[in-house]
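K.L.:
predicted model and sequence below, questions to follow.
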Amino acid sequence: MAKKTKKEEPKVIFHAIDADKGVEKLLTSLYRLQKIESEIDKIRKVRGELPEQVKLLEDTIEGLNTRITKQNEQQQECRDRIAEHNQAITEHKAAIAKFETQLNKVKNIRDHDSIAKEIEFEQLEIELCEKRIREANNEIEAINRTVKEAEDKLAQKENDLEHKKTELESIVKETSEQEEKLLNIQLKEEAALSEEPKGERYLQAFKRIRGNARNGLAVVKVDRDACGGCFNKVTHQRQMDIQMHKKILVCEYCGRILVDDAIAEEVDNEEQFN
């Protein structure tokens, strides 16, 4: 014997006969504003991560230029030290020549030994200066290698930046007109909403919810008995209340403002979204 299937009860659809026209207007404006914001988001999404990539490349290039400048300054410091040491060597050699002249004129061993020690000291100073010169030259060579690597990387990053900027400019050029149009509509819609009773309050709430939502949705319709933002179930009683347009209701789970199909269809069919 075949089992009797349970007959599903037809879904109750409330028509907002006694709707509060002020609330209805607020809901329509909020959903329209959400549609505009979502369209702007789509345009900006087309640009993807290009603006961030361009900014990152610009920062990298600035960092490389700073590094190269500092390395060049260090090189100059090394050259200055080499020049100082060479000057010192010249002075030490002149002192040795002077002491050698005196050495030829001394008449006792004590003076001879004293001058000999002075000559030895000057020779040690020359050796020390020569060591410092070698160290400075080695440092210059190391800096040259670092600068060469940085310059090669800089050239690559500048080339990448040029390509990214060209790509970004191309996309911006294609979408800027539509984005500007939507931004103007957005400003007008926000201004109109602010003039409504409690409109400014709900506009601020809309911006706060949208800022906290990962997908940028602050106003969503109930779709298949669920919130269009977080997809949690919306009870039939709450759906009936939403359809009545008596007050603005939010999702119990995510806090998004909920609208019914009637308001969503009205806005979706507007010329600016087709």
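P.N.:
Everything's here; your move. Numbers count the residues shown, from 1 in each chain.
K.L.:
contacting residues around stretch 72-89?
P.N.:
When contacts are defined by Cβ atoms under 8 Å, 6 or more residues apart in numbering, stretch 72-89 is touched by residues 125-126, 129-130, 132-133, 136-137, 139-140, 143-144, 147. C-betas here are computed from N, CA, C, even on glycine.
K.L.:
nope, stretch 39-56 is what I was after
P.N.:
Residues contacting stretch 39-56 (Cβ under 8 Å, 6+ apart): 161, 164-165, 167-168, 171-172, 175, 178-179, 182-183, 186, 216, 273.
K.L.:
circling back: narrow the contacts of stretch 72-89 to just the buried residues.
P.N.:
Glu125, Ile126, Cys129, Ile133, Ala136, Glu139, Ile140, Ile143, Val147 (16 or more other Cβ atoms under 10 Å).
K.L.:
in strands, which of the contacts of stretch 72-89 fall?
P.N.:
Assigned to strands by DSSP state E, none of those qualify.
K.L.:
widest-spaced pair of those?
P.N.:
Greatest spatial distance in the contacts of stretch 72-89: Glu125 and Val147, 32.2 Å, computed using Cβ to Cβ.
K.L.:
picking that back up, what's the closest of the buried ones among the contacts of stretch 72-89 to Asp20?
P.N.:
Nearest to Asp20 among the buried ones among the contacts of stretch 72-89, counting by Cβ to Cβ, is Val147 at 72.3 Å.
K.L.:
okay, now the closest residue to that closest one other than its chain neighbours: neighbour count?
P.N.:
Excluding the flanking residues, the one nearest Val147 by Cβ to Cβ, 6 or more residues apart in numbering is Gln71, at 4.9 Å. Gln71 has 18 neighbours, counted by other Cβ atoms under 10 Å.
K.L.:
what helix or strand is Gln71 located in?
P.N.:
Using DSSP states H and E, Gln71 maps to helix 50-103.
K.L.:
now that helix: mean pLDDT?
P.N.:
Here helix 50-103 scores 94 as its mean pLDDT.
K.L.:
ditto for stretch 239-258
P.N.:
Mean predicted confidence for stretch 239-258 is 93.
K.L.:
straight-line length of that stretch, end to end?
P.N.:
Taking Cα to Cα, to the nearest Å, stretch 239-258 runs 9 Å from one end to the other.
K.L.:
all helices for this protein, in order.
P.N.:
21-47, 50-103, 109-195, 199-212, 236-244, 261-268 (DSSP state H).
K.L.:
for the chain, which strand is longest?
P.N.:
strand 219-223.
K.L.:
show me the contact partners of it.
P.N.:
Here strand 219-223 makes contact (Cβ under 8 Å, 6+ apart) with 27, 30-31, 33-34, 206, 227-229, 234, 239, 242, 251, 256-261, 263-264.
K.L.:
please repeat the previous calculation with a cut-off of 6 Å.
P.N.:
The contact list for strand 219-223 (Cβ atoms under 6 Å, 6 or more residues apart in numbering) reads Leu30, Tyr31, Gln34, Gly228, Gly229, Val234, Gln239, Arg256, Ile257, Leu258, Val259, Ala264.
K.L.:
middle-most residue in this structure, spatially?
P.N.:
For the chain, the residue sitting closest to the mean C-alpha position, by Cα atoms, centre = their mean, is Glu52 at 4.9 Å.
K.L.:
that one and Thr101: what is the separation?
P.N.:
Look at Glu52 and Thr101: by Cβ to Cβ, to the nearest Å, they are 74 Å apart.
K.L.:
ok, now Phe206?
P.N.:
Relative to Thr101, and taking Cβ to Cβ, Phe206 is found at 96 Å.
K.L.:
what's the answer for Ile242, then?
P.N.:
Distance, Ile242 to Thr101, by Cβ to Cβ: 110 Å.
K.L.:
report the buried residues of stretch 174-194.
P.N.:
Using 16+ other Cβ under 10 Å as the test for burial, stretch 174-194 gives Thr175, Glu179, Leu182, Ile185, Gln186, Glu189, Glu190, Leu193.
K.L.:
hmm, the last one is touching Gln204, no?
P.N.:
No. Counting by Cβ atoms under 6 Å, Leu193 stays clear of Gln204, with 10.4 Å between them.
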